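1. Got a predicted structure plus its sequence, pasted below:
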Amino acid sequence: MVTADFVVGILGNVISILSFTSPIPQFRHIVKGKSAENYNGTPYVATLLSCSLWILYGLLDPDDGVLIVTVNAAGVSMQTLYLIILFIYSSKEKRVKYFGFVILDILFLGMVLAFTLVAFKEGRRTFTGVLCATFTTMMYAAPLAALSTTIKTKSVEYMPILLVFFLFLNGCAWFTFALLVTDIFVMVPNALGILLGAIQFTVYLIYRNATPTVMSELEKGTLEKQIESRGIDIQDINVNANSVSSKKRTLSRVDAFSITRSPPLSPNKSDPIQQHGDDAEDSGVN
């Protein structure tokens, strides 16, 4: 007999996998141009670790953990593919950086696995669940970096609303699943995801039709540096804004945020549409 938690879990799997596949258009662009340009691969590294931890968590619960394992296995596969592409088409300096991060992921996962199996006779799921919940919360919080920009400029141009939307749906699905199976470690981060998503939707509605504030070139340069420091990709696009030359650099709406996914939450995900080349994903899916 098909149970309600199984149906909701399948729905969560679908939404999360959509989030995982959202960067595909960006990676097609990378392969076609044979250059990773300034895309940031850090979110994919974080999502890879998050999904790996959720797989461990799901394996510790043979009864209700199957759907958690399946969705995060898909997440691990997708993040691995993205990192391979970035490794191939990035500069030597970034290759070394990404390789180092992946090694750290493996070492950290190995330490968690060893500590879980050796140090705990009971409470293994509790320890792993706390780690997973922490990473998932970070994934849901990643798009908040755009809020200050939106409020300052009174423009929603730089808000990854589609990413926010799918993370919100992901949170709703997995929160419902957690209620049905009574899993606090899945419930808490996804409840926070719903709350954060609601806040971002509110800000979006407030400034959706607002008149954007015109920033000086100095302010734009400062804003670029602030956003770039948060791991957001900056692309060159041609614009005409007041006295600004059409050849000036500005933020691209499409690539303002790289994906996360975050990760992915366990059933995470970073933005399922083209806007995100990096950051919820990810974090793991759930």
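-> Yep, it's here.

2. any weak-confidence spans in the chain?
-> Scanning the chain with the threshold set as pLDDT under 70 gives 1, 121, 142-143, 145, 158, 160, 214-286.

3. Output the longest helix belonging to it.
-> Secondary structure of the chain read by DSSP state H shows that its longest helix is helix 92-119.

4. can you give me the helices in the chain?
-> Secondary structure of the chain (DSSP H): helices at 4-21, 24-33, 42-59, 66-89, 92-119, 124-141, 145-153, 161-181, 184-207, 217-229.

5. what sits against the spatially closest residue to residue 65 that is not a sequence neighbour?
-> Ranked by C-beta to C-beta, 6 or more residues apart in numbering and with sequence neighbours excluded, the top spatial neighbour of residue 65 is residue 58, at 3.4 Å. For the C-beta atoms, the positions are set from N, CA and C on the backbone; glycine is no exception. Residue 58 makes contacts with 65, 66, 67, 68, 69, 72, 266, as judged by C-beta atoms under 8 Å, 6 or more residues apart in numbering.

6. export stretch 113-125 as PDB, just CAs?
-> Presented in PDB, the C-alpha positions along stretch 113-125 are these (Å, rounded to 0.1, in the frame of the first residue of the first chain):
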ATOM      1  CA  LEU A 113      31.900   8.300   9.000                       C
ATOM      2  CA  ALA A 114      34.700   7.000  11.300                       C
ATOM      3  CA  PHE A 115      33.600   9.100  14.300                       C
ATOM      4  CA  THR A 116      30.000   8.000  13.800                       C
ATOM      5  CA  LEU A 117      30.800   4.300  13.600                       C
ATOM      6  CA  VAL A 118      33.500   4.200  16.300                       C
ATOM      7  CA  ALA A 119      32.400   6.900  18.900                       C
ATOM      8  CA  PHE A 120      28.700   6.100  18.900                       C
ATOM      9  CA  LYS A 121      27.000   2.900  19.800                       C
ATOM     10  CA  GLU A 122      23.700   4.800  19.900                       C
ATOM     11  CA  GLY A 123      22.800   8.200  18.700                       C
ATOM     12  CA  ARG A 124      24.600   7.900  15.300                       C
ATOM     13  CA  ARG A 125      21.700   9.300  13.500                       C
END
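
7. Quick one: residues in contact with it.
-> Under C-beta under 8 Å, 6+ apart, the answer for stretch 113-125 is 56, 57, 60, 61, 127, 128, 185.
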